[in-house]
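S.K.: build me a model from this:
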Amino acid sequence: SLTVPPAPIDGTTPPGTIPGHYTLTSQGYAEDYFIQLPPGTYPFVATYSGDNSYNASTSPTVPITITPAPTTTTISGASSSPVLADTPFSFTVTVATTSNGAAPTGNLQFFLNGSTVFNAGGDTTSTPGSGSTYASFQDLVYGSFPPAGSYTLTAQYPGDGNYSGSTS
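M.R.: Predicted structure coming up:
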């Protein structure tokens, strides 16, 4: 067996096993998939318990730095184009990741011509990642534009403990 602390937050640990404890194959390898740890620097060290043929041993400490995962923010689906002055409209903002981990969290901010307009609070959907899909966050936003004119609408995701921020 092989022990590697710190133990990962592992959503796919096989039944009857403990995260961070691994059984070696006949070739002397151990594997784990979808290891999840929050951003930070971790001093990984592997400890082999030994067996009838080999002595116990401990690896040197290897510092591994996990950084916040990148995101991409997009706006789509305005309810009408062009939007009529002083009339309600809706659109969807998606914060996409390439992570199989937890869904992004937090609040979106919106800017109209560079000035803060409002924080999102529409119908939100958070989807955690899995072995076959990436984590994401969607917000269906309702609002109304000011009087007639040309405006640039920007959505900004500030990031959270696991993900970096992004702007549409």
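S.K.: mind listing the helices in the protein by residue range?
M.R.: For the chain, no helices turn up when DSSP state H is the criterion.
S.K.: output the lowest mean pLDDT helix or strand found in the chain.
M.R.: strand 9-10 (a mean of 64; mean pLDDT, DSSP states H and E).
S.K.: check the offset of stretch 117-136 from the chain's centre.
M.R.: Centroid separation between stretch 117-136 and its chain, computed with CA atoms, centre = their mean, to the nearest Å, is 10 Å.
S.K.: got the CA positions of it in PDB?
M.R.: The C-alpha trace of stretch 117-136 is given here as PDB (Å, rounded to 0.1, in the frame of the first residue of the first chain):
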ATOM      1  CA  VAL A 117     -25.700  48.600 -13.400                       C
ATOM      2  CA  PHE A 118     -26.700  45.800 -11.000                       C
ATOM      3  CA  ASN A 119     -25.700  42.400  -9.500                       C
ATOM      4  CA  ALA A 120     -27.400  39.400 -11.000                       C
ATOM      5  CA  GLY A 121     -30.100  37.700  -9.100                       C
ATOM      6  CA  GLY A 122     -32.200  36.000 -11.700                       C
ATOM      7  CA  ASP A 123     -32.800  32.300 -12.100                       C
ATOM      8  CA  THR A 124     -29.500  30.600 -11.400                       C
ATOM      9  CA  THR A 125     -28.300  27.000 -12.200                       C
ATOM     10  CA  SER A 126     -25.100  25.600 -10.800                       C
ATOM     11  CA  THR A 127     -23.800  22.400 -12.400                       C
ATOM     12  CA  PRO A 128     -20.900  20.600 -10.800                       C
ATOM     13  CA  GLY A 129     -18.500  18.800 -13.000                       C
ATOM     14  CA  SER A 130     -18.300  15.000 -13.500                       C
ATOM     15  CA  GLY A 131     -16.300  12.500 -15.400                       C
ATOM     16  CA  SER A 132     -18.000  13.500 -18.600                       C
ATOM     17  CA  THR A 133     -19.100  17.200 -18.100                       C
ATOM     18  CA  TYR A 134     -17.400  20.400 -16.900                       C
ATOM     19  CA  ALA A 135     -18.700  22.500 -14.100                       C
ATOM     20  CA  SER A 136     -20.700  25.700 -15.000                       C
END
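S.K.: mean confidence for it?
M.R.: Average pLDDT, stretch 117-136: 81.
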